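A.B. asks: Take a look and give me a structure for this.
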Amino acid sequence: MESKHGAENVATSSGHSGQMTAVSIKLPPYWPADPYVWFAQVEAQFTTRHITSEATKYAYIVSALTPEIAQEVRDLLLAPPAENPYKTLREELIKRTSATEQKRLQQLLNDEVLGDRKPTQLLRHMRQLLGERVLEESILRQLFLQRLPPNVQMVLASTGESVKLEPLAELADKIMDVAFQQQPVKVNSVAPVTSACTPAMPAPLTELELLRKEIGQLSLQVQALSRRPRSRSRPRNRSRSQTPTPSTGDSAAADLSSWCWYHASFGDQARKCRQPCQYPGNATASN
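C.D. replies: Modelled structure (predicted):
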């Protein structure tokens, strides 16, 4: 028993395996989500089975249509085209079951999220969904950016339209990698910053230490100036309310240790003197 399919396959398969080929071929159900991919798979099977007849291809396509899709091409099924039936059916199926490019992509991306994928993976998936259709690069760019995290969008906004989508997606990968790597660093850095605030409180103490050093230096200058009356040089009108501890090994400190508190503090300006005191000219001071 030889069917129309069998005759076709016998003729294209050198006449010894046609019936087996006709029985073994099985097409997947028609996929309206991406007709281009579906027809690519179907035509691959036609090629491997050496099926070249338009009528045979048409019959296989009709057998793979679901009732819903068959309704879309009802006129072509009830009255098959006399010429190029497979080519005509293919073109009409794609035309009638496919939405417009922008509408189809927008509808698809309404439910499309980045998830745990990289931006480059998302872009490749979007281009796969486009198939052979041509979509303006600016539209695809906007749809792609809308699926990225806000912080990544802000960085990529400064790149400009001159950057192609593929390099833009690779840059988005790097931005997200850096962001994820810095997350634990930011968390850990909170503790040092918080703990650093506590040691920062003694900052006034540091300033106080500097003031003490400056006062100590000024006191030493006062002590040195207070020795000048021995050479009868003009007196300096300098006074200090505190007497620093004399430095060991200093000759000035040795003299100061033999003076009373009044002369050590006020020099020639002292109006009192407490014995014993070896300050030069202390006879002028009253006791």
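A.B. asks: Please identify which helix or strand holds Glu166.
C.D. replies: helix 165-200 (DSSP states H and E).
A.B. asks: Could you count how many residues lie near Ser162?
C.D. replies: 5 (other Cβ atoms under 10 Å). C-beta coordinates here come from the backbone N, C-alpha and C atoms, glycine included.
A.B. asks: Now do the contacts for the residue lying closest to Met176 once chain neighbours are set aside.
C.D. replies: Spatially, and ignoring its direct neighbours in sequence, Met176 is nearest to Val152 (6.1 Å; Cβ to Cβ, 6 or more residues apart in numbering). Applying Cβ atoms under 8 Å, 6 or more residues apart in numbering to Val152 gives the contacts 119, 172, 175-176, 179.
A.B. asks: Would you mark the buried spots in stretch 53-73?
C.D. replies: For stretch 53-73, burial by neighbour count (16 or more other Cβ atoms under 10 Å) applies to 53, 56-62, 64-65, 69, 72-73.
A.B. asks: typo on my end, it should be stretch 157-177
C.D. replies: 165, 168-169, 171-172, 175-176.
A.B. asks: name the element the residue nearest to Met176 belongs to?
C.D. replies: Using DSSP H and E, the element containing Val152 is helix 150-156.
A.B. asks: and what of Leu114?
C.D. replies: Applying DSSP H and E, one finds Leu114 in no helix or strand.
A.B. asks: Please work out how many residues are found near it.
C.D. replies: So Leu114, with other Cβ under 10 Å, has 16 neighbours.
A.B. asks: Distance check, it against Ala33.
C.D. replies: Distance of Leu114 to Ala33, computed by Cβ to Cβ, to the nearest Å: 21 Å.
A.B. asks: quick one: low-confidence parts of the stretch 151-287 of the chain?
C.D. replies: 182-257, 282-287 (pLDDT under 70).
A.B. asks: before we move on, the earlier item: and the buried residues of stretch 53-73, which is closest to Met126?
C.D. replies: Distances from Met126 to the buried residues of stretch 53-73, taken as Cβ to Cβ, are shortest for Ile69 (25.0 Å).
A.B. asks: May I have the secondary structure class of the closest one?
C.D. replies: Here Ile69 is recorded as helix under DSSP: H, G, I helix; E, B strand; the rest coil.
A.B. asks: got a list of what the residue lying closest to it once chain neighbours are set aside touches?
C.D. replies: Spatially, and ignoring its direct neighbours in sequence, Ile69 is nearest to Tyr30 (5.2 Å; Cβ to Cβ, 6+ apart). Tyr30 is in contact with 38, 61, 64-66, 69, 93, counting by Cβ under 8 Å, 6+ apart.
A.B. asks: still on that earlier bit, could I get the contacts of Val152 as a markdown table with distance to Glu83?
C.D. replies: Output for the contacts of Val152, formatted as a markdown table (distance: Cβ to Cβ, whole Å):
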| residue | distance to Glu83 |
| --- | --- |
| Pro119 | 48 |
| Ala172 | 50 |
| Ile175 | 56 |
| Met176 | 54 |
| Ala179 | 60 |
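A.B. asks: Let's see which of the contacts of Tyr30 end up in helices.
C.D. replies: 38, 61, 69, 93 (DSSP state H).
A.B. asks: which among those gets closest to Pro80?
C.D. replies: For these, the nearest to Pro80 is Ile61 (10.9 Å; Cβ to Cβ).
A.B. asks: on that earlier part again, now pLDDT and distance to Gln142 too, for the ones in helices among the contacts of Tyr30, in CSV please.
C.D. replies: Below are the ones in helices among the contacts of Tyr30 laid out as CSV (pLDDT from 0 to 100; distance: Cβ to Cβ, whole Å):
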residue, pLDDT, distance to Gln142
Trp38, 94, 28
Ile61, 96, 36
Ile69, 93, 32
Leu93, 94, 30
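A.B. asks: Save those residues as a markdown table, and put in distance to Pro276 too.
C.D. replies: Output for the ones in helices among the contacts of Tyr30, formatted as a markdown table (distance: Cβ to Cβ, whole Å):
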| residue | distance to Pro276 |
| --- | --- |
| Trp38 | 118 |
| Ile61 | 128 |
| Ile69 | 123 |
| Leu93 | 124 |
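A.B. asks: Quick check: the residue nearest to Met176 vs Thr47, distance?
C.D. replies: Taken as Cβ to Cβ, the span from Val152 to Thr47 is 43 Å.
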